[in-house]
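In: how would this look folded up:
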Amino acid sequence: MATDVDIKKLLEAGAHFGHKSSRWHPKMAPYIHSKREGTHIIDLTKTVANLEEALSFLSKTASEGKQVLLVGTKRQAQDIVRKLAEDTHMPYVTERWLGGMLTNWNTIGGRVKHLKELEEKMASGELASKYNKLEVQRFQEEIDQMNVLYGGIKELHARPGAVFIVDIITDANALREARKMNLPVVALVDTNADPSLVTYPVPANDDAIKTIQLVADYVKDAIDAGKAKAKTTADKE
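Out: Predicted structure coming up:
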């Protein structure tokens with residue numbers, strides 16, 4: 001899949017605005033175009049090239065029937081990532097990264113299983129037939145609380161095909177676990193972060209809502225294209 005990334009749209013979204021030059025990470029040097037009033041400006045030609053490569057990879061991942069775990073717990077990213085996950089039917093984390101989500105799936109998976117079982121019992125009326133109203137209410141509160149933590153990963157397989165992260169500093173734990181599991185990572189990397197930690201770094205402003213939304217739109221198209229390819233292949237067989 002070859003997605004043509006529009007450099008004009010990136011410019012309009014403010015993707016080129018980095019952080020103050022005093023807060024830069026030296027390994028971002030190849031992606032920095034210039035400095036303006038003490039702020040680093042990202043070279044958007046590099047952003048386009050890297051994003052197109054990342055999108056091709058995500059499309060290929062989806063075409064192989066693998067999951068992409070979408071991560072964005074910072075305030076600006078939460079709603080965008082949740083919507084992206086709903087649109088693509090991919091697992092996501094937007095509240096808090098729980099330690100071991102990737103590296104200790106046995107424990108996390110056990111909690112997810114418990115949540116699903118409670119939901120099934122609630123939906124079938126089994127809890128209502130066994131317990132009084134107050135106790136049923138407590139079960140519902142437990143379900144609601146667990147959904148905040150585990151709702152996005154209820155359908156996560158033990159090992160996704162890739163992890164997409166909006167901000168690798170905010171979600172450093174997600175990046176660390178993905179690296180430990182040797183999972184490919186696609187991520188926005190601002191001028192204050194280390195791009196060498198990411199398999200497919202996309203140099204861009206990771207704070208601007210417009211930039212996050214634009215990249216999310218491209219990611220959605222890439223995943224959709226991959227899924228469509230998988231369906232076409234399956235139909236032919």
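In: Could you use CA atoms for every contact and neighbour count after this?
Out: Fine.
In: From the centre of this structure, point out the most distant residue.
Out: Distance from the C-alpha centroid of the chain, by C-alpha atoms, centre = their mean, peaks at residue 132 (40.3 Å).
In: Now name the helix or strand holding the residue nearest the centre of the chain.
Out: Note on the chain: the residue nearest the mean C-alpha position is residue 70, at 2.1 Å, using C-alpha atoms, centre = their mean. Using DSSP states H and E, the element containing residue 70 is strand 68-71.
In: in its sheet, what does that strand sit against?
Out: strand 92-93 (parallel), strand 162-165 (parallel) (DSSP bridges).
In: okay, the ones you listed in CSV with distance to residue 227 next?
Out: Putting the strands paired with strand 68-71 into CSV (distance: least, C-alpha to C-alpha, whole Å) gives the following:
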stretch, distance to residue 227
strand 92-93, 18
strand 162-165, 15
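In: Next, format these as CSV and append mean pLDDT, mean neighbour count and distance to residue 78.
Out: Output for the strands paired with strand 68-71, formatted as CSV (pLDDT from 0 to 100; neighbours: other C-alpha atoms under 10 Å; distance: least, C-alpha to C-alpha, whole Å):
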stretch, mean pLDDT, mean neighbour count, distance to residue 78
strand 92-93, 98, 26, 8
strand 162-165, 98, 24, 11
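In: among those, which is nearest residue 39?
Out: strand 162-165 (23.5 Å; C-alpha to C-alpha).
In: Now do the helices in the protein.
Out: Here the chain has its helices, by DSSP state H, at 7-12, 44-63, 75-88, 105-124, 126-130, 133-150, 172-180, 209-236.
In: Highest mean neighbour count across the ones you listed, which stretch is it?
Out: Greatest average neighbour count among those goes to helix 44-63 (a mean of 21), per mean count of other C-alpha atoms under 10 Å.
In: per-residue confidence at the residue farthest from the centre of the chain?
Out: Among the per-residue scores, residue 132 holds a pLDDT of 96.
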